[in-house]
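*Asks:* Build me a model from this:
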Amino acid sequence: MIRYYLFHNRMQASSAREWISMITPVLKTYKAITKAIRTKQSEKESLQSQKKKLSFLQPVQYYQISQKITTLTEDIEELLSQKERLICNNYFHNESEIKTSEITLKNSMQELMKEILSGIRFIRSYTPRWDRDSMPPCFMNLSVI
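*Replies:* From the prediction side, this is the model:
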(Lines give C-alpha, C1' and ligand atoms only; values in the text may rest on other atoms or scores of the structure.)
Protein backbone atom coordinates (compact mmCIF):
# COMPACT_ATOMS: atom_id res chain seq x y z
CA MET A 1 0.00 0.00 0.00
CA ILE A 2 2.83 2.38 0.80
CA ARG A 3 4.40 1.66 -2.58
CA TYR A 4 1.15 2.42 -4.37
CA TYR A 5 0.70 5.67 -2.46
CA LEU A 6 4.26 6.76 -3.22
CA PHE A 7 3.92 5.75 -6.87
CA HIS A 8 0.64 7.66 -7.19
CA ASN A 9 2.14 10.78 -5.57
CA ARG A 10 5.22 10.54 -7.78
CA MET A 11 3.11 10.31 -10.93
CA GLN A 12 0.93 13.26 -9.93
CA ALA A 13 3.98 15.32 -9.04
CA SER A 14 5.65 14.36 -12.31
CA SER A 15 2.70 15.41 -14.45
CA ALA A 16 2.33 18.65 -12.47
CA ARG A 17 6.05 19.40 -12.90
CA GLU A 18 5.76 18.75 -16.63
CA TRP A 19 2.84 21.14 -17.02
CA ILE A 20 4.54 23.76 -14.85
CA SER A 21 7.77 23.55 -16.84
CA MET A 22 5.81 23.90 -20.08
CA ILE A 23 3.59 26.82 -19.07
CA THR A 24 6.06 28.93 -17.05
CA PRO A 25 8.17 30.19 -20.00
CA VAL A 26 5.00 30.92 -21.99
CA LEU A 27 3.61 33.04 -19.17
CA LYS A 28 6.92 34.88 -18.71
CA THR A 29 7.06 35.70 -22.42
CA TYR A 30 3.42 36.77 -22.42
CA LYS A 31 3.97 39.08 -19.44
CA ALA A 32 7.09 40.60 -21.03
CA ILE A 33 5.27 41.28 -24.31
CA THR A 34 2.26 42.74 -22.51
CA LYS A 35 4.49 45.00 -20.43
CA ALA A 36 6.35 46.20 -23.54
CA ILE A 37 3.04 46.96 -25.25
CA ARG A 38 1.84 48.98 -22.27
CA THR A 39 5.05 51.02 -22.07
CA LYS A 40 5.06 51.76 -25.78
CA GLN A 41 1.39 52.73 -25.72
CA SER A 42 1.94 55.14 -22.83
CA GLU A 43 4.96 56.61 -24.63
CA LYS A 44 2.87 57.01 -27.76
CA GLU A 45 0.10 58.77 -25.82
CA SER A 46 2.57 61.19 -24.27
CA LEU A 47 4.04 61.96 -27.70
CA GLN A 48 0.56 62.53 -29.09
CA SER A 49 -0.20 65.00 -26.31
CA GLN A 50 3.11 66.78 -27.02
CA LYS A 51 2.21 66.88 -30.69
CA LYS A 52 -1.16 68.48 -29.92
CA LYS A 53 0.53 71.18 -27.85
CA LEU A 54 2.87 72.15 -30.69
CA SER A 55 1.97 75.04 -32.90
CA PHE A 56 2.15 74.93 -36.66
CA LEU A 57 5.13 77.25 -36.43
CA GLN A 58 7.29 74.33 -35.28
CA PRO A 59 7.18 72.02 -38.31
CA VAL A 60 10.50 70.27 -37.61
CA GLN A 61 9.48 69.17 -34.12
CA TYR A 62 6.02 68.27 -35.39
CA TYR A 63 7.58 66.06 -38.07
CA GLN A 64 10.02 64.43 -35.61
CA ILE A 65 7.25 63.61 -33.16
CA SER A 66 5.12 62.24 -36.01
CA GLN A 67 7.98 59.94 -37.03
CA LYS A 68 8.43 58.73 -33.45
CA ILE A 69 4.70 58.05 -33.18
CA THR A 70 4.81 56.10 -36.45
CA THR A 71 7.71 53.92 -35.29
CA LEU A 72 6.01 53.32 -31.95
CA THR A 73 2.81 52.32 -33.73
CA GLU A 74 4.76 49.85 -35.86
CA ASP A 75 6.49 48.46 -32.77
CA ILE A 76 3.16 48.08 -31.00
CA GLU A 77 1.68 46.26 -33.98
CA GLU A 78 4.68 43.92 -34.09
CA LEU A 79 4.33 43.17 -30.36
CA LEU A 80 0.60 42.55 -30.77
CA SER A 81 1.29 40.06 -33.56
CA GLN A 82 3.93 38.35 -31.39
CA LYS A 83 1.37 38.09 -28.61
CA GLU A 84 -1.20 36.59 -30.98
CA ARG A 85 1.37 34.09 -32.27
CA LEU A 86 2.24 33.14 -28.70
CA ILE A 87 -1.43 32.57 -27.93
CA CYS A 88 -2.02 30.46 -31.06
CA ASN A 89 1.22 28.47 -30.86
CA ASN A 90 0.43 27.34 -27.34
CA TYR A 91 -3.14 26.27 -28.09
CA PHE A 92 -4.85 29.09 -26.25
CA HIS A 93 -7.96 30.63 -27.79
CA ASN A 94 -7.73 34.05 -26.18
CA GLU A 95 -6.01 36.06 -23.47
CA SER A 96 -8.46 35.04 -20.77
CA GLU A 97 -7.27 31.43 -21.13
CA ILE A 98 -3.69 32.56 -20.49
CA LYS A 99 -4.80 34.44 -17.38
CA THR A 100 -6.71 31.35 -16.24
CA SER A 101 -3.57 29.27 -16.82
CA GLU A 102 -1.61 31.68 -14.66
CA ILE A 103 -4.05 31.20 -11.79
CA THR A 104 -3.99 27.44 -12.36
CA LEU A 105 -0.19 27.53 -12.29
CA LYS A 106 -0.18 29.18 -8.86
CA ASN A 107 -2.70 26.62 -7.59
CA SER A 108 -0.71 23.73 -9.09
CA MET A 109 2.46 24.90 -7.38
CA GLN A 110 0.61 24.99 -4.06
CA GLU A 111 -0.95 21.57 -4.66
CA LEU A 112 2.41 20.12 -5.63
CA MET A 113 3.93 21.31 -2.37
CA LYS A 114 0.96 19.91 -0.44
CA GLU A 115 1.40 16.53 -2.16
CA ILE A 116 5.08 16.46 -1.35
CA LEU A 117 4.43 17.34 2.28
CA SER A 118 1.57 14.83 2.60
CA GLY A 119 3.84 12.13 1.17
CA ILE A 120 6.44 12.95 3.77
CA ARG A 121 3.81 12.85 6.53
CA PHE A 122 2.52 9.52 5.21
CA ILE A 123 5.98 8.01 5.16
CA ARG A 124 6.68 9.30 8.66
CA SER A 125 3.42 7.84 9.98
CA TYR A 126 4.35 4.36 8.67
CA THR A 127 7.96 4.55 9.71
CA PRO A 128 8.72 3.93 13.37
CA ARG A 129 11.29 6.64 13.65
CA TRP A 130 13.13 8.86 11.21
CA ASP A 131 16.81 8.64 11.69
CA ARG A 132 18.48 11.95 10.75
CA ASP A 133 21.41 10.11 9.20
CA SER A 134 19.21 8.12 6.84
CA MET A 135 16.96 11.07 5.90
CA PRO A 136 17.56 12.47 2.40
CA PRO A 137 19.23 15.90 2.46
CA CYS A 138 16.27 17.60 0.78
CA PHE A 139 14.05 16.75 3.78
CA MET A 140 16.45 17.97 6.46
CA ASN A 141 14.76 21.39 6.76
CA LEU A 142 11.22 20.01 6.91
CA SER A 143 11.17 19.43 10.65
CA VAL A 144 8.11 21.69 11.05
CA ILE A 145 5.80 19.06 9.59
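
*Asks:* and the spatially most central residue of the chain, what does it touch?
*Replies:* When Cα atoms, centre = their mean is applied to the chain, the residue found nearest the centroid is Leu27 (3.2 Å). When contacts are counted by Cβ atoms under 8 Å, 6 or more residues apart in numbering, Leu27 touches 98, 101-102, 105. Backbone N, C-alpha and C define where each C-beta goes, glycine included.

*Asks:* tell me which element it is part of?
*Replies:* Per DSSP states H and E: Leu27 is located in helix 2-53.

*Asks:* so how far is that helix from its chain's centroid?
*Replies:* Offset of helix 2-53 from its chain centre (Cα atoms, centre = their mean, to the nearest Å): 2 Å.

*Asks:* Compute the inter-axis angle for the host helix or strand of Glu78 and helix 2-53.
*Replies:* Taking DSSP H and E as the criterion, Glu78 maps to helix 59-89. Using axes from the mean of the first three to the mean of the last three Cα atoms, to 10 degrees, the inter-axis angle of helix 59-89 relative to helix 2-53 is 160 degrees.
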